[in-house]
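Undergrad: give me coordinates for this.
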Amino acid sequence: MPGKNVIALRKVSQQYAYTSLQMHEAIARKAGFAGTDHKYLGFFLQKGNLTAGELADLTGLTTGAVTGLIDRFEQKKLVKRTFDEKDRRKIIVVPNTQKIIALFEPFYKDFQNETDRLIATFSNSEIEIIKTYLLKGIELMKLKNEQFNKK
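TA: Predicted structure coming up:
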């Protein structure tokens, strides 16, 4: 049975996850999105051009759901579909990076600055511990996602 500290950390971690979801849902509504659609735009900001299949792999969504997602983004002129120059059967989704950043900067700029100030209150060794915990947690969740997504 886990000790008090482990249980307390689990509870705080759950609160963090729930509060993050609530904040992102609120941002989505303010920006004109439903649910977590806006979070998937981050993949375009990180990776640039993507195929629908690559986006499906990154998001864990079905290819059908990704098609709908791309349609919604395209309607808002946040991405556009183009043909791959080498294989015209393949569609590349090209983000309008400037428009995506301009759309979300008002919501995230202050939060990012406040987060930076919060992080600055920790020592380098504390930051490394937090980073290690988060990275190991990410790997664990990726492993579980793979297990859950197996058919």
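
Undergrad: could you point out which element follows the host helix or strand of residue 65?
TA: Here residue 65, judged by DSSP states H and E, is contained in helix 63-75. Next helix or strand after helix 63-75 toward the C-terminus (DSSP H and E): strand 79-83.

Undergrad: for the longest helix along the chain, give the mean pLDDT please.
TA: Counting by DSSP state H, the longest helix found in the chain is helix 4-31. The average pLDDT within helix 4-31 is 93.

Undergrad: low-confidence ranges in this structure?
TA: 151 (pLDDT under 70).

Undergrad: residue closest to the middle of it?
TA: residue 39 (4.4 Å; CA atoms, centre = their mean).

Undergrad: quick one: it from residue 100, how far?
TA: Distance, residue 39 to residue 100, by CB to CB, to the nearest Å: 12 Å. Using the backbone N, CA and C atoms, a C-beta is placed for each residue, glycine as well.

Undergrad: same thing with residue 15?
TA: 29 Å.

Undergrad: ok, now residue 71?
TA: Taken as CB to CB, the span from residue 71 to residue 100 is 16 Å.

Undergrad: hang on, the earlier thing: give the buried residues for the helix holding residue 65.
TA: Within helix 63-75, the residues that qualify as buried are 66, 69-70, 72-73, counting by 16 or more other CB atoms under 10 Å.

Undergrad: any chance of the residues you listed in a markdown table, plus distance to residue 35?
TA: Listed next are the buried residues of helix 63-75 as a markdown table, based on distance: CB to CB, whole Å:
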| residue | distance to residue 35 |
| --- | --- |
| 66 | 14 |
| 69 | 10 |
| 70 | 15 |
| 72 | 11 |
| 73 | 13 |
